[in-house]
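Engineer: coords please:
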Amino acid sequence: MVRKRTSISDIAKELNLAVSTVSRALSDHSRISEATRKRVWELAEQLNYQPNHLAAALRKGRSNTLGVIVPNIDGHFFALVVKGIEEVANQAGFNVMLCQSNEDNAHEAKNVETLMNAQVDGILVSLSRSTHDFKHFDKVQQRKMPLVFFDRILTGSEVSAVVVDDYQGGYQMTKHLLDQGRRRIAHFGGPQHLNIYKDRYRGYCQALRDADLPVEEELVVLFKKMSLEDGPAGIRHLLALPQPPDAIFSSGDFTAVGALRALKQHGLRVPQDVALAGFGNETFSSLTDPMLTTVDQHCEEMGGAAVRLLLEMIQERTRQWSPRKIVLQPRVLVRESSAVAAAVAVG
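Structural biologist: Numbering: from 1, shown residues only. Coordinates of the predicted model:
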């Protein structure tokens, strides 16, 4: 049999006091006598009274809880972003309710409903790969609930967001490969309706144009998932070309590592025969052989910046927010998979 949770009303009835008096006594209100406060606290301890902080917060119009939706927390990136979110949120006195969409649009929509029903004070979200519109966020905006996106948003959308300059990341990485003397550089990209993959591809294209090199369609392979398994599939396509590439820039580390494995299986040396670079600075990128050149996205900084932006919106009373965007600068981490000199030095 489940024991009923002791309420303020129970204490008030037992002591023959008004509920408001008990409430003030438990809050150490100055208008309540020391004797009354002592009686209330002694009975509260005896009955194992636990205050309902959520209910109290909701009565004040604030739950002190932030909702977070991420595609998953399996990898290094989102796990560290969430760490950054929780650190800043906790410092500001907020709790975090975390949901995973598992890269599914319908599940993401359910996450939104769950967080709204929990009456969170605001929502932070990184879109799933299968999300093509913002329809399930309409209710959030209609309720005038603060909403901030991070990392993944829809291409061309005007929303409050914290992102990395993916265009610059793609540009700088491609330029790095060009600086290594590579001239036939392939690209592995993801769903182009998402900003991160679209902008990394744009940076790749512009770097080639600035080097007076064409963007060859046969060297661009786009995937729906950018998974580990996509890497070997991309390599099979590239090696079947009359003139295979001498370098590959992948928009994600998982696909890059899959490609690394496939290149070795085909007897090709990395980077001597094919230079390879990824994006994301996943933990495993420094554990591969050779270690993977990649782009660091400042995960924890992104999470913290997203929370601070959301808190600014929560604190504003007008509820009329113009879209605000914070853009973090990427950092190219050059390792053995793209620089022959580095590979030789380590060897």
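Engineer: where does the stretch 101-250 of the chain dip in pLDDT?
Structural biologist: Counting by pLDDT under 70, the stretch 101-250 of the chain contains no low-confidence segment.
Engineer: How about stretch 212-232, which residues are buried there?
Structural biologist: Residues of stretch 212-232 classed as buried by neighbour count (16 or more other CB atoms under 10 Å): Leu219, Val221, Leu222, Phe223, Met226, Leu228, Asp230, Gly231, Pro232. Where C-beta positions appear, they are placed from N, C-alpha and C, glycine not excepted.
Engineer: any idea how far the last one is from Leu127?
Structural biologist: For Pro232, the distance to Leu127 equals 27 Å [CB to CB, to the nearest Å].
Engineer: For Gln142, see how far away the residue nearest the centre of the chain is.
Structural biologist: Closest residue to the average C-alpha location of the chain: Phe78 at 4.7 Å, with CA atoms, centre = their mean. The gap separating Phe78 from Gln142 is 28 Å, by CB to CB.
Engineer: now do Trp321
Structural biologist: From Trp321 to Gln142 the distance is 14 Å (CB to CB).
Engineer: Could you do Val19 as well?
Structural biologist: For Val19 relative to Gln142 (CB to CB), the value is 35 Å.
Engineer: Mind checking which of those two has more residues around it?
Structural biologist: Between Val19 and Gln142, Val19 has the larger neighbour count (other CB atoms under 10 Å), namely 14 against 8.
Engineer: ok, that one - contacts?
Structural biologist: Counting by CB atoms under 8 Å, 6 or more residues apart in numbering, Val19 makes contact with Ile8, Ser9, Ala12.
Engineer: next one: Gln243
Structural biologist: With contact set as CB under 8 Å, 6+ apart, Gln243 has these partners: Arg184.
Engineer: Assign a three-state SS to it, would you?
Structural biologist: Per DSSP: H, G, I helix; E, B strand; the rest coil, the local secondary structure of Gln243 is coil.
Engineer: for Leu263, what are its contacts?
Structural biologist: Taking CB under 8 Å, 6+ apart, we find Leu263 in contact with Ile235, Val270, Asp273, Val274, Leu276.
Engineer: how about a cut-off of 10 Å?
Structural biologist: When contacts are counted by CB atoms under 10 Å, 6 or more residues apart in numbering, Leu263 touches 231-232, 235, 238-239, 248, 269-271, 273-274, 276, 337.
Engineer: the domain parsing of this structure - what is it?
Structural biologist: 8-51, 64-161+300-324, 166-297+333-346 (automatic domain parsing).
Engineer: most packed of those?
Structural biologist: Greatest average neighbour count among the domains of the chain goes to domain 166-297+333-346 (a mean of 20), per mean count of other CB atoms under 10 Å.
Engineer: can you tell me which of the contacts of Val19 are in helices?
Structural biologist: Among these, the residues falling in helices (DSSP state H) are Ile8, Ser9, Ala12.
Engineer: Adding pLDDT and distance to Leu292, write the residues you listed out as TSV.
Structural biologist: Formatted as TSV, these follow (pLDDT from 0 to 100; distance: CB to CB, whole Å):
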residue	pLDDT	distance to Leu292
Ile8	84	58
Ser9	84	62
Ala12	84	65
